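Student: Give me a model of this one.
(2 chains)
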Number of protein chains: 2
Amino acid sequence: MTIKIYELCGDNPERLFSPHCWKVRMAVAHKGLSWETIPTPFTKVATIEGGDSRRIPVIRDGDTVVEESYEIARYLEATYPDAPSLFKGDGGDALTALTINWSATQVHPEVVKLCLLDIYNSLAPVDQEFFRESREKMFGCTLEEFDAKHAKSGDGLAKVLLPLELTLKKQKFIGGESPLFADYVVFGALQWLRTSSTEDYLKADSAVANWFDVLLDMYDGMGRKGRVAA
Amino acid sequence: MTIKIYELCGDNPERLFSPHCWKVRMAVAHKGLSWETIPTPFTKVATIEGGDSRRIPVIRDGDTVVEESYEIARYLEATYPDAPSLFKGDGGDALTALTINWSATQVHPEVVKLCLLDIYNSLAPVDQEFFRESREKMFGCTLEEFDAKHAKSGDGLAKVLLPLELTLKKQKFIGGESPLFADYVVFGALQWLRTSSTEDYLKADSAVANWFDVLLDMYDGMGRKGRVAA
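Tutor: Residues are numbered from 1 along each chain as shown, chains lettered A, B, ... in the order given. This is a model prediction of the structure:
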C-alpha cells in the first residue's frame, strides 16, 4: 500500500519546502514504506481529503487520514512496529516533544529571517497573495520590511543551533547511533531553508553541517532534490 | 549499599545548590536507592575520592566512583536495570543529550544572571575567594558589575523556558506520564536558582511552575529542603 503525503509546494510542484512535510517524508522513508507525494499549494491545503480547515502535512494510508507531523510519526510507529523505530522507546517518544518545541520556537524564527522573501518568490501568484496577507498580519510589517530588518549572515542561526552543535560533537545523531524522528524534526527546519534559498547558511565543517549532509544523503539522496535553482 | 553523593555546599553544609548535583540526587531517588550526601565546598572538590582534578558531582557506589551527571545517570540505569528507568529506552537516553545541552546553554545563563551574587554570598570565605576569581575571569567583570547588568524580572528566564512551557501544556513531564532523567536536568537548573535566591522567578500558574512544584514534592519533598532562609 502506498502512503499519500500531501506536501506544500511552490509554483513549481517539485519545489517542496515545508519543514513539517520534510519531517513526515523522512519518517515514512525511515520506516521503509512506499509513498507518493501530492504537491499541494497553500491555497489548496484547507480542503485536502474533504477537509475544511486542514493543515499540512496530511497523509492517507489506506482508509486512514492523519494530520500533523508528530501525530503522523506516532501513527507510523504504532502501525508499523516491526519497521525501524522512530523513537526507540517511550522515553524517546516523549522527549521528542521538547525537541519539536525547541526547534519551532528557536530554529524556525531564525530560518524565517533568512528566507521569508525567498519562499514568497517561489510561490504561484494566487498563493503569493495568501502568503503575503497572512504573514504580513503575523509579523506586523510588509514582507520586504521584514526581510530588510534581518542580516543574512547565518550567525543568528548558528547561535540557536548551539545545543545541537554540542550534542553532535559527542554523538552521531540526536537519536544516538542512527537517526530518529527527533533528527528529522530539526532536519525539516534546515531543509526548509535549503530548499528556499540559494545560500548555504550552516557554518562549514560544523557538526550540524556534517550531520545535515549525512541526512541529505539518506534514502537515495531524497533530501538533495527539490532545491530552488541557483 | 548506600551511595555516597558528593554535593557542592555553601557555608552552611545544608545549603546544597549545584544544578548537576540535584540532577544526580533526583536520579538516585528515582531509582529508589539509599544514599547519603557528602557536602563539599568548592575548594574541596578537586581532591574528592583521591582525585586531583575532580568536578562535581561525584558518586561512590561500593567500589565504583563515577563523575559527571549524565555519566552517573547512565551508570545507574545500567547497574540497576530493574529499578524505574531514567530513560525509558535508547531513544530517551540519546535525546537526553540535547535536553542537557539546551538547558546548559539556554537556561543556565539566565539562572546565573538572577543569582550569581546570591551564590557568592552563601559561600564560606575561602570558597568566596575561589568563586570570585574564577567567575570574574569567566565573565570579564566583577561579580557586582555582572549582577548590576541584569534585570531581576524573570522575563529572560521565561523566554528561554518557552519550549518547555509548550511541552508541559500537552504532557505532564518531559518524560511523558512520569519524570525521566531529562526532567531532572531542567529541574536541577531551576533548583539551583531556588536554593540560591529568596525570590520566586517562575511565572505563577505557568505549566513550568506547576511541573516544578510537582517535582519538589517528590521523594518525600526532598527538593523543598535546603533553600536559603528568606
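
Student: all contacts plus neighbour counts: C-alpha atoms, from now on.
Tutor: Will do.

Student: What is the burial count for A:Leu161?
Tutor: 20 (other C-alpha atoms under 10 Å in any protein chain shown).

Student: Can you check the pLDDT for it?
Tutor: Per-residue confidence for A:Leu161 comes out at a pLDDT of 98.

Student: what about it, distance to chain B?
Tutor: Distance, A:Leu161 to chain B, by C-alpha to the nearest C-alpha, to the nearest Å: 9 Å.

Student: any idea how far that residue lies from B:Lys4?
Tutor: For A:Leu161, the distance to B:Lys4 equals 36 Å [C-alpha to C-alpha, to the nearest Å].

Student: Quick check: residues of chain A near chain B?
Tutor: Counting by C-alpha under 8 Å from any C-alpha of the partner chain, chain A comes close to chain B at A:87-99, A:101-102, A:105, A:162-164, A:166-167, A:174-176, A:180, A:182.

Student: Helix or strand next in line after the stretch of helix or strand A:Leu8 belongs to, which one?
Tutor: Applying DSSP states H and E as the criterion places A:Leu8 in strand A:3-8. Per DSSP H and E, strand A:3-8 leads on to helix A:19-30 as the next helix or strand towards the C-terminus.

Student: ok, now which ones touch A:Glu67?
Tutor: The contact partners of A:Glu67, by C-alpha atoms under 8 Å, 6 or more residues apart in numbering or on different chains, come to A:54-59.

Student: now, which of these lie within strands?
Tutor: Judged by DSSP state E, the contacts of A:Glu67 include A:58-59 as members of strands.

Student: before we move on, the earlier item: counting by contacts, list what the strand holding A:Leu8 packs against.
Tutor: For strand A:3-8, the packing partners by 3 or more C-alpha pairs under 8 Å, 6 or more residues apart in numbering or on different chains; DSSP states H and E come out as helix A:19-30, strand A:35-40, strand A:58-61.

Student: ok, so of the contacts of A:Glu67, who is nearest chain B?
Tutor: Of all those, chain B sits closest to A:Arg55, with 19.1 Å by C-alpha to the nearest C-alpha.

Student: What does the closest one show for phi and psi?
Tutor: Main-chain dihedrals, A:Arg55, degrees, to the nearest 10: phi -120, psi 140.

Student: in which helix or strand would I find the closest residue in space to A:Trp22 that isn't next to it in sequence?
Tutor: Sequence neighbours aside, A:Gly188 is the residue nearest to A:Trp22 in space, at 5.1 Å (criterion: C-alpha to C-alpha, 6 or more residues apart in numbering or on different chains). Assigning secondary structure by DSSP H and E places A:Gly188 in helix A:181-196.

Student: Identify the residues contacting the residue nearest the centre of chain A.
Tutor: Geometric centre of chain A, nearest residue: A:Pro19, 1.7 Å, by C-alpha atoms, centre = their mean. Contacts of A:Pro19 were listed using C-alpha under 8 Å, 6+ apart, and they are A:185, A:187-192.

Student: For the residues you listed, work out which two are farthest apart.
Tutor: A:Val185 and A:Trp192 (11.0 Å; C-alpha to C-alpha).

Student: For chain A, give me the ranges with low pLDDT.
Tutor: Low-confidence segments of chain A (pLDDT under 70): A:226-230.

Student: Please enumerate the helices of chain A.
Tutor: Under the criterion DSSP state H, helices of chain A are mapped to A:19-30, A:69-79, A:90-102, A:108-121, A:125-139, A:143-149, A:155-160, A:162-168, A:181-196, A:207-221.

Student: The ones you listed into CSV, with extra columns for distance to B:Asp127?
Tutor: As requested, these are exported to CSV (distance: least, C-alpha to C-alpha, whole Å):
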stretch, distance to B:Asp127
helix A:19-30, 49
helix A:69-79, 48
helix A:90-102, 36
helix A:108-121, 41
helix A:125-139, 49
helix A:143-149, 47
helix A:155-160, 33
helix A:162-168, 30
helix A:181-196, 42
helix A:207-221, 37
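
Student: And chain A, what are its domain boundaries?
Tutor: A:3-79, A:90-224 (automatic domain parsing).

Student: quick one: the closest residue to A:Leu114 other than its chain neighbours and A:Glu145, what's the gap?
Tutor: Once flanking residues are discounted, A:Leu114 sits nearest to A:Lys152: 5.8 Å by C-alpha to C-alpha, 6+ apart. Here A:Lys152 is placed at a distance of 14 Å from A:Glu145 (C-alpha to C-alpha).

Student: that older thread, quick one: buried ones out of the contacts of A:Glu67?
Tutor: Neighbour counting with 16 or more other C-alpha atoms under 10 Å in any protein chain shown marks A:54-59 as buried within those.

Student: What residues of stretch A:30-45 count as buried?
Tutor: Neighbour-count burial for stretch A:30-45, counted by 16+ other C-alpha under 10 Å, picks out A:30-31, A:35, A:37, A:39-42, A:45.

Student: correction: stretch A:14-30
Tutor: A:15-28, A:30.

Student: what's the spacing between that stretch and its chain's center?
Tutor: Taking C-alpha atoms, centre = their mean, to the nearest Å, one finds the center of stretch A:14-30 at 6 Å from the center of the full chain.

Student: roughly how far apart are the spatially closest residue to A:Val186 that is not a sequence neighbour and A:Arg15?
Tutor: Distance criterion C-alpha to C-alpha, 6+ apart; nearest residue to A:Val186, sequence neighbours excluded, is A:Ser103 at 6.1 Å. Counting by C-alpha to C-alpha, the separation of A:Ser103 from A:Arg15 is 22 Å.

Student: rewinding a little: so which of the buried residues of stretch A:30-45 is the closest to chain B?
Tutor: When these are compared for distance to chain B (C-alpha to the nearest C-alpha), A:His30 wins out at 15.0 Å.

Student: Wait, A:Trp35 touches A:Val24, no?
Tutor: No - contact criterion C-alpha atoms under 8 Å: A:Trp35 and A:Val24 do not qualify, at 10.8 Å.
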